[in-house]
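In: Structure for this input, please:
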Amino acid sequence: SIVSSALASTLEPSNESDDDRKRRMELVRNLQNSYYKSENGDAPTLDDTTGVMENVFLWRVPWTELPGRSNVLNVHDPTYTNMFETILNRPKPWYFGHLFMPGGSKSLRSGEYEFELKNWRDDAANVNRSKTRTSVVGTLMKIADFRRLEDGRLCILVHAMERFVVKDALQNLPYSIANVHILPDYEALSVDADEDQSEADRASATVESFQYHDYEYHEKPLPLPEGDDMSQDEVYGSWLTDVLPFVPYSLDDTMLPAEKKTTTATKAVTGGVDVSLETRLVANWILKDPLSHPSVMVPRSIGMSNDDLEKFLWNAMEDFCGAKGVQISPEILCLLPQGRSWLPGVPDAVEPSSWERVSSNYPDDRRQARLSYAAAALVEMTGLGMDMRQVWLETPSTNARLADLLERFEVINAHVVGEFQ
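Out: Numbering: from 1, shown residues only. From the prediction side, this is the model:
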């Protein structure tokens, strides 16, 4: 952070005893606490009537996070240590936004228009927009745990919670701040709605989604020693694999909401009216279905229900893992539907005691949405999955995401079979 960087540069001698270092770091932390408490502004808040989160600080970096994933951030840039220290000195929950931006901090400070934070309307109006620009569709993140390192860096365990699109760009530098629309998949929305109804429907779906967070995102702590001022040598990558790459579900059914929706749209791709936010985002190519692989002439997944897509996807994943000699991870296996009888080989993929299905009370539409992001991790191991995360994040529906994954698995599997013929 700004405070710790300045102090470290002026107070740290070349030869320092352990006691001197402890006293110096105590001074640094005391000054940090005073500084950040005085900077305590508005934390991100969800407007229950619109589904908008206001005052979201943005971590703009050259990769994409998908809902359901976890990551451990090594925050060393002074701008972002300042930003995260501000967040951590506020009451929980500690939310921030993750936006893809090629070049990361270097691009942020470049002053180029392509890398300025924009709302989705301005991005759509940019006739010269390119693939190298910063995205306006990102992921709402939550800090689950953190450690401060002795050199001023932060080690932060984060969970990817929801998808959003930038509504209002409030600040570009030194770090970006925005108001964002939370964007549920189409399946969570009503098929027919005018503009006002669409906003209310999206807000209702967003509030409901947040009610599932305690069940869907079980907060395991960082597997590191407690306390601040750790050295980098104390952070072992092998330990961190215990909390990566997926966020585990809670095993406690009481964490599920007491009530759930009794009806949801199975696929609202053609529903709604022209003025709804979702329709405008698709019309302006902010959200879009993935393009089919060139080898696929007529995708057989067209018109298939989510249930049918899921059935074929599980079989394709089993074939893929068998051919590649890898296992389907427990964090994916837990998403198997209850009572399925069409995939006899999966229980042998791992020891049955090492995984447990999600609750039978967990809605299928939410389970399938999580599967559509989790199964993507297997495709990312191949050439057909490289650089696809942002594409999948910008896919408007669970249906289109499942269909794209199924198509990619089938292309990969057909290629593997062809190698042995």
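In: residues contacting residue 53?
Out: 44, 45, 46, 47, 95, 140, 164, 179, 180, 182 (Cβ atoms under 8 Å, 6 or more residues apart in numbering). From N, CA and C alone the C-beta is placed, and that goes for glycine too.
In: Need the three-state assignment for it.
Out: At residue 53, secondary structure determined by DSSP: H, G, I helix; E, B strand; the rest coil is strand.
In: can you list the weak-confidence ranges in the stretch 151-300 of the chain?
Out: 191-196, 259-275, 297-298, 300 (pLDDT under 70).
In: So which residues of it form strands?
Out: 154-171, 176-182 (DSSP state E, counting those that start in this stretch).
In: what comes up buried for the longest one?
Out: Put plainly, it is strand 154-171. The neighbour-count check on strand 154-171 (16 or more other Cβ atoms under 10 Å) flags 154-167, 169-170 as buried.
In: Which one of the residues you listed is nearest to residue 293?
Out: residue 163 (23.8 Å; Cβ to Cβ).
In: contacting residues around the closest one?
Out: 67, 137, 138, 139, 140, 182, 183, 184, 393.
In: Now with 10 Å, please.
Out: Taking Cβ atoms under 10 Å, 6 or more residues apart in numbering as the criterion, residue 163 is in contact with 66-67, 137-140, 180-185, 287, 369, 373, 393-396.
In: now for the strands of the stretch 151-300 of the chain, which one comes closest to residue 363?
Out: For residue 363, the closest of the strands of the stretch 151-300 of the chain is strand 154-171, at 15.9 Å, according to Cβ to Cβ.
In: Looking at the strands of the stretch 151-300 of the chain, which is nearest to residue 406?
Out: Closest to residue 406 of the strands of the stretch 151-300 of the chain, according to Cβ to Cβ: strand 154-171, at 20.7 Å.
In: Apart from its neighbours in sequence, what residue is nearest residue 245?
Out: residue 69 (5.6 Å; Cβ to Cβ, 6 or more residues apart in numbering).
In: Quick check, that neighbour in contact with residue 158.
Out: Yes: if you go by Cβ atoms under 10 Å, residue 69 and residue 158 touch, sitting 9.1 Å apart.
In: Need the residues touching each of the two.
Out: Common neighbours of residue 69 and residue 158 (Cβ under 10 Å, 6+ apart) are 139, 141, 247.
In: Buried subset of the contacts of residue 53, written for PyMOL?
Out: The PyMOL command for the buried members of the contacts of residue 53 (criterion: 16+ other Cβ under 10 Å) is given here:
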select buried, resi 44+46+95+140+164+179+180+182
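In: Looking at the contacts of residue 53, spot the one nearest residue 325.
Out: Nearest to residue 325 among the contacts of residue 53, with distances taken as Cβ to Cβ, is residue 140, at 35.8 Å.
In: now the helix or strand harbouring that closest one against strand 176-182, angle please.
Out: For residue 140, the enclosing helix or strand under DSSP states H and E is strand 137-148. If you take axes from the mean of the first three to the mean of the last three Cα atoms, to 10 degrees, strand 137-148 sits at 120 degrees to strand 176-182.
In: pLDDT of strand 137-148, averaged?
Out: The average pLDDT within strand 137-148 is 97.
In: again, but for stretch 404-417
Out: 89.
In: From the chain's centroid, how far away is it?
Out: Mean-position distance between stretch 404-417 and its chain equals 25 Å (Cα atoms, centre = their mean, to the nearest Å).
In: just to revisit the earlier point, elements contacting the strand holding residue 140?
Out: Here strand 137-148 touches helix 18-38, strand 52-61, strand 70-75, helix 78-88, strand 95-100, strand 154-171, strand 176-182, helix 389-393, going by 3 or more Cβ pairs under 10 Å, 6 or more residues apart in numbering; DSSP states H and E.
In: how about 6 Å then?
Out: For strand 137-148, the packing partners by 3 or more Cβ pairs under 6 Å, 6 or more residues apart in numbering; DSSP states H and E come out as strand 95-100, strand 154-171.
In: To residue 389, which of those strands lies closest?
Out: That would be strand 95-100 among those, by Cβ to Cβ, at 8.1 Å.
In: could you point out which element follows that closest one?
Out: In N-to-C order, the element after strand 95-100 by DSSP H and E is helix 105-108.
In: got the CA coordinates for that following helix in PDB?
Out: What follows is helix 105-108, C-alpha atoms only, in PDB (Å, rounded to 0.1, in the frame of the first residue of the first chain):
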ATOM      1  CA  SER A 105      -1.900  -2.200 -14.300                       C
ATOM      2  CA  LYS A 106       0.400  -1.100 -17.100                       C
ATOM      3  CA  SER A 107      -2.700  -0.600 -19.400                       C
ATOM      4  CA  LEU A 108      -4.600   1.100 -16.600                       C
END
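In: ok so, going back, list the buried ones in the strand holding residue 140?
Out: Here strand 137-148 shows 137, 138, 139, 140, 141, 142, 143, 144, 145, 146, 147, 148 as buried, counting by 16+ other Cβ under 10 Å.
In: which residues does the fourth one bridge with?
Out: Spelled out, it's residue 140. Bridge pairing for residue 140 (DSSP bridges) gives the partners residue 97, residue 162.
In: OK, contacts around it?
Out: Applying Cβ atoms under 6 Å, 6 or more residues apart in numbering to residue 140 gives the contacts 161, 162, 164.
In: now do residue 393
Out: 64, 137.
In: Distance to residue 111 for the strands of the stretch 151-300 of the chain - can I get that in TSV?
Out: Output for the strands of the stretch 151-300 of the chain, formatted as TSV (distance: least, Cβ to Cβ, whole Å):
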stretch	distance to residue 111
strand 154-171	15
strand 176-182	14
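In: Of all those, which one comes closest to residue 222?
Out: Of all those, strand 154-171 comes closest under Cβ to Cβ, at 5.0 Å.
In: Now do that closest one against strand 137-148, angle only.
Out: 140 degrees.
In: chain center to strand 154-171: distance?
Out: 8 Å.
In: gap between residue 323 and residue 405?
Out: Going from residue 323 to residue 405 by Cβ to Cβ, to the nearest Å gives 16 Å.
In: Give me the more crowded residue out of these two.
Out: A side-by-side neighbour count of residue 323 and residue 405, using other Cβ atoms under 10 Å, places residue 405 first with 29 against 15.
In: For the residue lying closest to the more buried one once chain neighbours are set aside, report the pLDDT, please.
Out: Once flanking residues are discounted, residue 405 sits nearest to residue 375: 5.4 Å by Cβ to Cβ, 6+ apart. For residue 375, the model assigns a pLDDT of 96.
In: number of nearby residues for residue 375?
Out: For residue 375, the count of nearby residues is 25 (other Cβ under 10 Å).
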